[in-house]
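J.: Give me a model of this one.
(chains A, B, C and D)
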Number of protein chains: 2
Amino acid sequence: MITDMNLENMQRMKAAGIRPSYVRMKILSYIRSASNHPTADMIYKVLAEEIPTLSRTSVYNTLCVLEGAQLLRNVSIDGEGMRFDAFMPDHGHFRCTKCGNIFDLEIDVKSAEVKIPSGFTETRRDLFVYGICPHCSGFDESTKK
Amino acid sequence: MITDMNLENMQRMKAAGIRPSYVRMKILSYIRSASNHPTADMIYKVLAEEIPTLSRTSVYNTLCVLEGAQLLRNVSIDGEGMRFDAFMPDHGHFRCTKCGNIFDLEIDVKSAEVKIPSGFTETRRDLFVYGICPHCSGFDESTKK
DNA sequence: TTCATATCTGTAATCATTACAAATATAATA
DNA sequence: TATTATATTTGTAATGATTACAGATATGAA
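T.: Model prediction:
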């Protein structure tokens, strides 16, 4: 199936100077469509159903290549394994300390007043907010209480 | 040697409801004095010289206890193992993408304009800035160029 | 088609972290 | 002080994610 997202991913890879191979397309598409910031293992397990010959090593290799091409970013926190996110600047992450899930936050990270000491060159920022998500705190979406 | 920091650490542990054992005191003091956000292994290797019976498991156990008591925090990033930091609210971290070192940044993370969606409860924030440190970019401290 | 190169795969190794049970130290009580 | 219960520490073994590496396959160029 050719979708807009697939076309876009293909163009992004070409622009980044890497070949849009089948495995790379599949992995990038999956991470962009998944909302849960999957680990390498999650990606492997889901895609292996569709690509029986897929190997774990290929997943790691591909993630490394895509990260190098800045089409993905690594949002690992608390040393709980690497989690991946399609690269989109200027958003943060909320991490539920109870269930461990990670949610995107719409944040302009540039709004933080940061004094970078002289000599340091900034290329990117990440803001992590820790706390409890609605599901774990028993929040009722209908009543907002 | 009894120092102000040691007394303070002892009081902190008592206040947090954990016993200020020898190993706990040593590990907390070391992390507070080290400026490099050490990994569990770094802590083990340094302290094992002074405490020959120290075990790696004790280091991990102690880090877990101290983190639970909120006397430490985990500043792991990029899935490169856990790194520890004496707990001090409101500061961020600069990570050099070349040498991998982590530097403290004086940041009021609360200054970031974050809209937490309804139902989410925030307890803590971390801001990571990625880039190149002075040493890796050949910055000359004397001339500031 | 042929060749060179890029990509992918499978197995085995590595290394940080955890599980667990035994040993030791500490505190509480008699 | 002696005894007992509990907390802390230790050592070994297991786990599990990640990486190394060499061979297989696919791709693009000549």
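
J.: ok, which stretches of chain A are strands?
T.: Under the criterion DSSP state E, strands of chain A are mapped to A:72-74, A:84-86, A:92-96, A:102-105, A:121-132.

J.: need the ones you listed in CSV with mean neighbour count, can you?
T.: Yep, even glycine has a C-beta here, placed from its N, CA and C like the rest. CSV is the format used below for these (neighbours: other CB atoms under 10 Å in any protein chain shown):
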stretch, mean neighbour count
strand A:72-74, 20
strand A:84-86, 21
strand A:92-96, 22
strand A:102-105, 18
strand A:121-132, 18
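
J.: Serialize the ones you listed to TSV and add fields for distance to A:N61 and mean pLDDT.
T.: Below are the strands of chain A laid out as TSV (distance: least, CB to CB, whole Å; pLDDT from 0 to 100):
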stretch	distance to A:N61	mean pLDDT
strand A:72-74	13	86
strand A:84-86	13	86
strand A:92-96	25	85
strand A:102-105	24	83
strand A:121-132	23	86
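
J.: A:A16: neighbour count?
T.: Around A:A16 there are 14 other residues, counting by other CB atoms under 10 Å in any protein chain shown.

J.: Does A:L105 touch B:V114 like I think?
T.: Yes: between A:L105 and B:V114 there is a contact under CB atoms under 8 Å: 6.5 Å.

J.: list the residues that contact both of the two?
T.: Taking CB atoms under 8 Å, 6 or more residues apart in numbering or on different chains as the criterion, A:L105 and B:V114 both touch A:92, A:127, A:129.

J.: who are the neighbours in contact with the most centrally placed residue in chain A?
T.: Chain A has A:D85 as the residue nearest its centroid, 0.7 Å off, counting by CA atoms, centre = their mean. Listed by CB under 8 Å, 6+ apart, the contact partners of A:D85 are A:31, A:37, A:72-75, A:93.

J.: domains for chain A, by residue range?
T.: Following automatic domain parsing, chain A resolves into domains at A:4-84, A:89-137.

J.: Show me how far the last one is from its chain's centre.
T.: In terms of CA atoms, centre = their mean, to the nearest Å, the centre of domain A:89-137 is set 13 Å apart from its chain centre.

J.: what's the first-to-last distance across stretch A:12-31?
T.: 15 Å (CA to CA, to the nearest Å).

J.: Quick check: buried residues in it?
T.: A:12-13, A:18, A:23-24, A:26-31 (16 or more other CB atoms under 10 Å in any protein chain shown).

J.: what does stretch A:42-56 give?
T.: Applying 16+ other CB under 10 Å to stretch A:42-56 flags A:42-44, A:46-47, A:54 as buried.

J.: next one: stretch A:35-43
T.: Quick answer for stretch A:35-43 (16+ other CB under 10 Å): A:37-40, A:42-43.

J.: from those, which are also near chain B?
T.: Filtering the buried residues of stretch A:35-43 for neighbours of chain B using CB under 8 Å from any CB of the partner chain leaves an empty set.

J.: for those, which one is nearest DNA strand D?
T.: The nearest member of the buried residues of stretch A:35-43 to DNA strand D, counting by CB to the nearest atom of the strand, is A:A40 at 4.0 Å.

J.: right, is stretch A:84-98 up against DNA strand D?
T.: No: Stretch A:84-98 lies out of reach of DNA strand D by CB under 7 Å from any atom of the strand, never closer than 9.6 Å.

J.: May I see the buried residues of stretch A:12-31 arranged in a markdown table, with distance to A:K98 as well?
T.: Output for the buried residues of stretch A:12-31, formatted as a markdown table (distance: CB to CB, whole Å):
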| residue | distance to A:K98 |
| --- | --- |
| A:R12 | 35 |
| A:M13 | 37 |
| A:I18 | 38 |
| A:V23 | 35 |
| A:R24 | 35 |
| A:K26 | 32 |
| A:I27 | 29 |
| A:L28 | 30 |
| A:S29 | 30 |
| A:Y30 | 26 |
| A:I31 | 24 |
